[in-house]
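Trainee: got a predicted structure plus its sequence, pasted below:
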Amino acid sequence: MRVLVVTAVAAEADSVAAGLAAAGYARLGEEFVRRALIAGPDSASPLTRHGRAGHEIHVYPAGVGPAAAAAGTALALGRGPGYDLVISAGIGGGFPAVAPLGTLVVSSRIVAADLGAGSAEGFIPVTELGFGRHEVHVLGSLGRRATRALDAAYGTVLTVTTATGTAERAAELLARHPRAFAEAMEGFGVAEAADQYGLPALEIRAISNEVGPRDRSAWRIGDALAALTDAFGKLPPVLESWTPHEPD
């Protein structure tokens with residue numbers, strides 16, 4: 001089993017790696033896969049390799065937003081060796097009724113919530129416009145097993161390019177996606193890149209803030225990163241027992 005875990009930033013990658021270490025995964029090495037002409041804050045962050053008993057999990061902070069996530073994921077996948085699964089992981093916003101601060105959400109669906117067009121009647125997803133898609137299929141069987149192992153919530157994770165900052169925007173998203181549990185900025189990009197390589201994807205989010213009015217004083221980033229570490233301390237047995245040929 002070989003899995004690629006893609007985060008946005010190095011702090012998330014470090015939290016994932018800490019969880020893997022707690023699960024008995026040794027750090028096998030690292031490599032720099034990015035060749036950015038314009039250096040970003042995490043341009044010098046390497047892909048790290050972790051393993052135990054013939055299983056490997058690689059962790060890579062690809063950058064913030066769906067474009068950076070897709071490009072970074074494709075770059076990491078293109079370098080090989082062959083992967084079996086790609087996971088988008090990190091912190092994110094939770095819809096408070098179903099995903100309180102410090103809890104975990106596993107994706108039942110990964111949806112690009114603002115990929116489409118506006119109209120007098122409201123937002124039109126790109127799929128309804130007749131080209132492209134705004135949702136990537138995820139593995140239901142693996143997602144449900146991960147949900148049980150992590151004591152997580154299981155629901156739609158929205159990918160947005162602008163984090164929600166008002167109650168009105170939160171209500172609009174819930175009206176369009178009533179099964180939405182969380183929002184973040186990378187999942188759809190990661191899943192699109194994985195799909196181009198014929199690989200399944202999953203998204204795991206640790207909740208650092210509520211989806212709604214922007215209030216930085218209420219954010220709990222440290223708690224969310226700790227929850228992410230805990231999640232990846234528990235997840236490896238689920239991944240090791242999973243096979244790509246399992247029925248969904």
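Mentor: Received, thanks. Residues are numbered from 1 along each chain as shown.

Trainee: the helices in this structure, which residues?
Mentor: Secondary structure of the chain (DSSP state H): helices at 10-22, 66-78, 126-129, 140-150, 167-176, 187-196, 221-234, 236-241.

Trainee: point out where the chain drops to low pLDDT.
Mentor: 35-44, 81, 247 (pLDDT under 70).

Trainee: so which residue is dead centre in this structure?
Mentor: Nearest to the geometric centre of the chain sits Ser88, at 2.6 Å (Cα atoms, centre = their mean).

Trainee: give me the number of residues near the residue lying closest to it once chain neighbours are set aside?
Mentor: Distances taken as Cβ to Cβ, 6 or more residues apart in numbering put Val190 closest to Ser88, at 3.8 Å, once the chain neighbours are dropped. The C-beta positions use only the backbone N, C-alpha and C, and glycine is treated the same way. Each residue near Val190 was counted by other Cβ atoms under 10 Å, and the total is 31.

Trainee: for the nearest residue to Val136 once chain neighbours are set aside, grab the count of nearby residues.
Mentor: Nearest non-adjacent residue to Val136, counting by Cβ to Cβ, 6+ apart: Ala191, 3.8 Å away. Neighbour count of Ala191, defined by other Cβ under 10 Å: 33.

Trainee: again with Ala149
Mentor: If we define neighbours as other Cβ under 10 Å, then Ala149 has 16 of them.

Trainee: any idea how far it is from Gly212?
Mentor: Separation of Ala149 from Gly212 (Cβ to Cβ, to the nearest Å): 29 Å.

Trainee: ok, Val138 next?
Mentor: Noted for Val138: a distance of 25 Å to Gly212, by Cβ to Cβ.

Trainee: over to Ala184?
Mentor: Distance from Ala184 to Gly212, by Cβ to Cβ: 15 Å.

Trainee: got a list of what the residue nearest to the centre of the chain touches?
Mentor: Residues in contact with Ser88 (Cβ atoms under 8 Å, 6 or more residues apart in numbering) are 6-7, 69, 110, 184, 186-187, 190-191, 201-204.

Trainee: put the alpha carbons of stretch 78-89 into CSV.
Mentor: What follows is stretch 78-89 as a C-alpha-only set of coordinates in CSV (Å, rounded to 0.1, in the frame of the first residue of the first chain):
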residue,chain,number,x,y,z
GLY,A,78,4.2,12.2,-11.8
ARG,A,79,7.5,11.5,-10.0
GLY,A,80,6.3,8.0,-9.0
PRO,A,81,6.5,5.4,-7.7
GLY,A,82,2.9,4.2,-8.2
TYR,A,83,0.4,5.2,-5.6
ASP,A,84,-2.9,3.4,-4.6
LEU,A,85,-4.7,6.3,-3.0
VAL,A,86,-4.5,10.1,-2.6
ILE,A,87,-5.8,11.9,0.6
SER,A,88,-6.4,15.6,0.9
ALA,A,89,-5.8,16.5,4.5
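
Trainee: buried sites along that stretch?
Mentor: By neighbour count on 16 or more other Cβ atoms under 10 Å, the buried set for stretch 78-89 is Tyr83, Asp84, Leu85, Val86, Ile87, Ser88, Ala89.
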